[in-house]
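K.L.:
starting from these lines, generate the structure:
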Amino acid sequence: MSLIGCTERKTMSTLTLIDSLLEKDSMEEASAHLDALDVTNMSEEEKAYFYLLRTSYYKETNETCISDSFINKSIAYYEQSSDKKKLVRAYCIRSYFLYDTEKAPEAILQLKKAEELAEKEKDNKLLVQVYSCLSSYNLFSGNIRAALSYAHKTKSHALQVGDKRWIGFSNLTLFTIYYNMNRTDSADFYIKESLPYAKYQSLRVRPLFYNNIAVYYIEKKDLEKAKQYLHHSLSIFPHTHTYYLLAKIYSEEKEEEKADSFWHKALQEKDFRQRLDIMQEYSDWLTQQERYKEASEVSMQFIALKDSLSNVSEREGISEALHHYNKKRVEKMLWRYGRWVLLMLVFIAAAVFLLLKRHRSKVKRMRFEAADIHAQIVKYQQQLQELKSANHEYQQKLTDRQEKIISNQEKIELLEQKIEKLQNRQKEMFSKGKSLYDKLQSGESLILWKQSDMRNFIEFYQIQNYNLFEKLENKSESYSLNQKVYFILLDMGKSEEQIKQIMNLSEGALRTMRYRIRRKGGEDE
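P.N.:
I've put the predicted structure just below:
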């Protein structure tokens, strides 16, 4: 009993050591300890911890996780135990693998569970990880406002923890969000904030960190600075995205030989969708270089890869099942057929042996065997016909699924068009709101503004000062457009005289507005 207890303590001590190694980014040492452990003799608690650490290692090293059964076992255990912090970590890891297999809604659901638990535990370190994941997933899904809110939360809690790695990563995330919103001033601010924290990132994250900084300098047309960061990124780890960015730069600089070399390296990208984008740009570049034959070859590869990507999962699943089914049936049939052929040969040999003594018995036996063989042939013909019918049925199902894929692709294209229209509308609103904002700054009045002008102005300012509107939306009663404009003018530092002039209000009208705002629980001072 004492020996068992000692072994359990040793195993738990090893698991705790592995956890600390993963946190320190010592992946090789952590992997060696994980491989050395024997899960068969572990307790349920140790198994749950082991599976959590194993899948965490897969996540951190970007290795393929064959099944999510490991992390599901951890979740099942921790949902029944009191260790909710490990449950939060397990939810986060499972969300990563779900999102990586294009199950975004399920991934977000796991993260919302993790968020609720982490907030109950009041663990800032866990909250940083949860908020960071929620920010990234919302950004990739196009939900910019939610991504921005979670990015600010990530930085706030990272500052409380004092974790320089997460502070730098949250600054870089905020840069990415503002860069996508075309908010250049804010993007400039956060990229500069993130630079001092690059050295604190892990060796796996640091190259991507430098790549994002390089994108910033590419946008600024400072290509030499961008190349400096990209080559530094390659010296740490050769990411295909780094090759792609260098190919773009050297293409723009007309250095054909270098550009061609980096395009070829970028095409080693394992992600099919990213490779499609790279192939498209490479084909366009070859056309610009009047290398039409090569451009045509790349275009044909692009079409083949795109068609393959559209139905590869469905086709492979059906083909594999059909191939496995046919193989088993044929093997079974051949085995039976071979058995009967062998028996036939034995009987024939016996008949030849007895020919000299029992001619009549031999004739009868041969007739019996012939009849039996004929019956077997008929049976095998029926089995072959069944296999042909099964093949035809599977082929019909494959055709139906291909038609469904085409229909889904048309729906995807329609949704993309709608998204593009909405994005164009959003840009138009921001542009109008910015123009109206500039007019107010110069002292113009809003007496001639329409309701749509006020909404555009409010929408623009809401992005400028997110905290102001978050505070207003938390009130039990909503504010009118005029009242929101009044709050914005106060936030812009306008005096009462200026506000009366801009909004064309008398002294009494201004007092009435302030009275109504106070009734709603607002503060106008």
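
K.L.:
in this protein, spot the helix with the most residues.
P.N.:
Criterion DSSP state H: the longest helix present in the chain is helix 359-441.

K.L.:
what's the following helix or strand after that helix?
P.N.:
Using DSSP states H and E, the helix or strand that follows helix 359-441 in sequence is helix 451-464.

K.L.:
can you give me the angle that next one makes with helix 359-441?
P.N.:
Per axes from the mean of the first three to the mean of the last three Cα atoms, to 10 degrees, the angle that helix 451-464 makes with helix 359-441 is 100 degrees.

K.L.:
can you name every helix or strand that helix 451-464 contacts?
P.N.:
helix 359-441, helix 481-491 (3 or more Cβ pairs under 8 Å, 6 or more residues apart in numbering; DSSP states H and E). Heads up, the C-betas are built off the backbone N, CA and C, glycines and all.

K.L.:
what comes up buried for the following helix or strand past it?
P.N.:
Downstream of helix 451-464, the first helix or strand assigned by DSSP H and E is helix 466-473. The neighbour-count criterion (16 or more other Cβ atoms under 10 Å) identifies 468, 469, 472 as the buried residues of helix 466-473.

K.L.:
hang on, the earlier thing: tell me the mean pLDDT for the longest helix of the chain?
P.N.:
Here helix 359-441 scores 75 as its mean pLDDT.

K.L.:
cool, stretch 183-197 as well?
P.N.:
Here the average pLDDT along stretch 183-197 is 85.

K.L.:
what lies in contact with it?
P.N.:
Outside stretch 183-197, the residues within contact range by Cβ atoms under 8 Å, 6 or more residues apart in numbering are 164-165, 167-169, 171-172, 174-175, 178-179, 209, 212-213, 216, 463.

K.L.:
any chance you could map the strands in the stretch 151-300 of the chain?
P.N.:
Read by DSSP state E, counting those that start in this stretch, the stretch 151-300 of the chain holds no strands at all.

K.L.:
using pLDDT, spot the least trustworthy of the buried residues of helix 466-473.
P.N.:
residue 472 (72).

K.L.:
okay, the spatially closest residue to it that is not a sequence neighbour and residue 469: tell me how far apart.
P.N.:
Spatially, and ignoring its direct neighbours in sequence, residue 472 is nearest to residue 479 (6.1 Å; Cβ to Cβ, 6 or more residues apart in numbering). Applying Cβ to Cβ, to the nearest Å, the value for residue 479 to residue 469 is 10 Å.

K.L.:
and for these two, which residues touch both?
P.N.:
By Cβ under 8 Å, 6+ apart, no residue touches both residue 479 and residue 469.

K.L.:
just checking, residue 459 touches residue 432?
P.N.:
No. Counting by Cβ atoms under 8 Å, residue 459 does not reach residue 432; the two are 9.1 Å apart.

K.L.:
quick one: low-confidence ranges for the stretch 151-300 of the chain?
P.N.:
270-273 (pLDDT under 70).

K.L.:
please repeat the previous calculation with a cut-off of 50.
P.N.:
Within the stretch 151-300 of the chain, the set of residues satisfying pLDDT under 50 is empty.

K.L.:
now render the buried residues of helix 466-473 as JSON lines, adding distance to residue 289.
P.N.:
Formatted as JSON lines, the buried residues of helix 466-473 follow (distance: Cβ to Cβ, whole Å):
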{"residue": "468", "distance to residue 289": "52"}
{"residue": "469", "distance to residue 289": "50"}
{"residue": "472", "distance to residue 289": "55"}
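
K.L.:
which residues touch residue 233?
P.N.:
Taking Cβ under 8 Å, 6+ apart, one finds 206, 207, 208, 210, 211, 214, 239, 242 in contact with residue 233.

K.L.:
which residue sits closest to the fourth one in space, ignoring its chain neighbours?
P.N.:
Among residues not flanking residue 210 along the chain, residue 233 sits closest, at 4.1 Å (Cβ to Cβ, 6+ apart).

K.L.:
can you tell me how far that neighbour is from residue 256?
P.N.:
23 Å.

K.L.:
same check on residue 467?
P.N.:
With Cβ to Cβ as the criterion, residue 467 and residue 256 are 50 Å apart.
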